[in-house]
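**Student:** Pasting the sequence and the predicted coordinates here, then a few questions.
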Amino acid sequence: MAADNVSMSTYPAVARAAALIPVLSVLALASMLTAAPHHAAAGQLVGPIPGAGSLGLVVWSGGPVEEIRAAISGSQCTPRSTWVSKRSGGLIGYLYGAPEVVNAPFRTEYAGGNLPSNTPLVLVCAPLASAAAPAPPAASGDLSSLEARMLSLLNQERAANGLAAFTMDAALSSVARSHSSDMVARGYFAHTSPDGLSPFDRMSRAGISFRSAAENIAWAGSVEVAHTSLMNSPGHRANILNPSLKRIGIGIVQKDGMHVMVTQVFTD
């Protein structure tokens, strides 16, 4: 059995997609942060809390970045991300609801995600539609529109490289969707689940026979961003363009209406 089960982290792409700061440049934001007042009271945000779908400059009293959500409970803002100044210059973001690997650079910059007292920050709020619960995954025999789009992109790559199109497999798709759903529900990002199950364990438990198999996973702001990131990674690109891998299952689960957790499972 041959397989490639390298991990996939798309933090830079996720950060760009999730920030949704279309008008203000990073330099303008950094300037705003530098000029922000420093008088936040304990456990509070100072400054006007932005509304749904907008962003605003506020000052945080200090402490874990996750507690900012509790500080604005009852407002119209469901926080999507928080952006603060890096010690070396520029901005760094914390994405609420993202797998831990995505926020690892933030926790490295600010130990454990703890911000110092009176920290100016940019708070980005999700649109009202994003606060709704994500749609349930498609039934095992059906492709969601996102999964169909991903399959189309994959088969375009195959055709461009003289390879036959993937055949969609309902059983593989069920395995892929279950893994994407599990990663979102339990907040991890890995090929091996917290229970110790590998991609090959999951396929075997589903009664799927194979001589060779592989799995790609990605977390990004859109199907297109995820696809580009996978194709730019040699290991994941090799899975997609492997002529021995002919069947595929795709599982895509949306998170907060703005992120997609993608699992691609391949067999011969």
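**Tutor:** Perfect, I can see it now.
**Student:** helices or strands next to whichever strand or helix holds residue 152 in the packing?
**Tutor:** Per DSSP states H and E: residue 152 is located in helix 145-160. Helix 145-160 sits against helix 223-231, helix 234-240, strand 247-255, strand 259-267, with contacts defined as 3 or more C-beta pairs under 8 Å, 6 or more residues apart in numbering; DSSP states H and E. In short, each C-beta sits where N, CA and C put it, glycine included.
**Student:** CA atoms only: put the first one into PDB for me.
**Tutor:** Included here for helix 223-231 are C-alpha records, laid out as PDB according to Å, rounded to 0.1, in the frame of the first residue of the first chain:
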ATOM      1  CA  VAL A 223     -12.500  26.200  -2.700                       C
ATOM      2  CA  GLU A 224     -10.300  28.100  -5.200                       C
ATOM      3  CA  VAL A 225      -7.800  29.100  -2.500                       C
ATOM      4  CA  ALA A 226      -7.700  25.600  -1.200                       C
ATOM      5  CA  HIS A 227      -7.100  24.100  -4.600                       C
ATOM      6  CA  THR A 228      -4.400  26.600  -5.500                       C
ATOM      7  CA  SER A 229      -2.600  25.900  -2.200                       C
ATOM      8  CA  LEU A 230      -2.800  22.100  -2.800                       C
ATOM      9  CA  MET A 231      -1.400  22.400  -6.300                       C
END
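**Student:** how close does the residue nearest the centre of the chain sit to residue 105?
**Tutor:** Closest residue to the average C-alpha location of the chain: residue 219 at 3.4 Å, with C-alpha atoms, centre = their mean. Using C-beta to C-beta, to the nearest Å, residue 219 is found at 14 Å from residue 105.
**Student:** just residue 61 next, same as before
**Tutor:** With C-beta to C-beta as the criterion, residue 61 and residue 105 are 23 Å apart.
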